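>>> build me a model from this:
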Amino acid sequence: MDGVRQASRSEEEVKVAELDARGIHYKELNEKIRSLIESGYEEIVLNGVNGQRYIGDGLVHNVRIVINGVPGNDLGAFMDGPRIVVNDNAQDGVGNTMNSGVIVVRGHAGDVIGYGMRSGKIFIRDDVGYRTGIHMKSYREQVPVIVVGGRAGDFLGEYMAGGIIVVLGLSSDSKDLVGHYTGTGMHGGVIYLAEEIDESKLGSEVRIFQADKTDIERLNALLAEFSDLTGLDVSKVDPRSFVKLLPVSHRPYGNMYVY
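Numbering: from 1, shown residues only. Here you go, the predicted model:
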């Protein structure tokens, strides 16, 4: 295949391919990725990525995709199983409605991260934009997770129905951990924040609680995984100081739609 360099990891018996994405239209790039997966490659390294959209969308294969560059919108949308590592920033819609797998962004990410996310994990080393984790949902053992190393913009966890969001505030210059309207319409799941926030930033559907023993155990595990995958030092983060946001109603807008 043009533009593809084969590599090998003999010690692991992993079939690796490197693909130069410079100047390639997003449709052609995604066709090449799928062709490589069908040819048995278990790891694909994409070099020179510059805004190409839909990378990893709908993939159900056990494959690892490493992206050197900035991928475009909807990275990993509808993804069900792969692992994607971005060694730079990412644009909007990362993990849109993803069903399982892991996405790691070793930089900033844009708006609407994890929209409608059903399961899997998204780790963003730095900041995220508006409406991260909106409409997240969980079912039995399927619990989606988003961990943000920096800060989050307005409408974090909007209409959230399940899952876990963690915001650490470590890699951001901003004094505000989250933006306004956090948890607006939230009716399931939990949001963990590394520090207290003013209640004026919250939607009327959530309240602030202190992290308990179960929360601390969960946070310790997620922090260790986050640090390992992003390279961000979390040694000074104390889960015992975290607060959690929980919804106070499972039907926050029942009176608006039921008569």
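
>>> where in this protein is pLDDT low?
By pLDDT under 70, the weakly predicted segments of the chain are 1-12, 172-174, 249-259.

>>> quick one, strands of it?
For the chain, applying DSSP state E gives strands covering 4-9, 14-20, 43-50, 64-70, 80-86, 100-105, 121-124, 145-148, 161-167, 188-193, 206-210, 243-247.

>>> sheet partners, orientation included, of the longest one?
In other words, strand 43-50. strand 14-20 (parallel), strand 64-70 (parallel) (DSSP bridges).

>>> point out the most buried one among these.
strand 64-70 (a mean of 19; mean count of other C-beta atoms under 10 Å). The C-beta positions use only the backbone N, C-alpha and C, and glycine is treated the same way.

>>> between that one and strand 80-86, how big is the angle?
Using axes from the mean of the first three to the mean of the last three C-alpha atoms, to 10 degrees, the direction of strand 64-70 lies 40 degrees away from that of strand 80-86.

>>> which other residues reach strand 64-70?
Outside strand 64-70, the residues within contact range by C-beta atoms under 8 Å, 6 or more residues apart in numbering are 21, 33, 42-51, 55-56, 75, 82-91.

>>> repeat that with 6 Å
43-50, 56, 83-89 (C-beta atoms under 6 Å, 6 or more residues apart in numbering).

>>> stretch 157-174: which residues count as buried?
For stretch 157-174, burial by neighbour count (16 or more other C-beta atoms under 10 Å) applies to 157-172.

>>> put the alpha carbons of that stretch into CSV.
C-alpha atoms of stretch 157-174 as CSV (Å, rounded to 0.1, in the frame of the first residue of the first chain):
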residue,chain,number,x,y,z
GLY,A,157,-22.1,16.6,32.2
GLU,A,158,-25.2,18.2,30.7
TYR,A,159,-28.1,15.7,30.7
MET,A,160,-25.7,13.1,32.0
ALA,A,161,-27.6,9.8,32.6
GLY,A,162,-24.7,7.6,33.8
GLY,A,163,-21.0,7.1,33.9
ILE,A,164,-18.0,8.9,35.6
ILE,A,165,-16.4,12.2,34.9
VAL,A,166,-13.2,13.3,36.7
VAL,A,167,-11.7,16.8,36.5
LEU,A,168,-8.2,17.4,38.0
GLY,A,169,-7.3,20.9,37.1
LEU,A,170,-3.6,20.1,37.0
SER,A,171,-2.4,21.1,33.6
SER,A,172,-4.4,24.3,33.2
ASP,A,173,-3.5,28.0,33.7
SER,A,174,-7.2,28.8,34.5
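
>>> got TSV for the strands of the chain, with distance to Tyr181 too?
Below are the strands of the chain laid out as TSV (distance: least, C-beta to C-beta, whole Å):
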stretch	distance to Tyr181
strand 4-9	46
strand 14-20	41
strand 43-50	33
strand 64-70	28
strand 80-86	28
strand 100-105	24
strand 121-124	20
strand 145-148	16
strand 161-167	14
strand 188-193	12
strand 206-210	10
strand 243-247	12
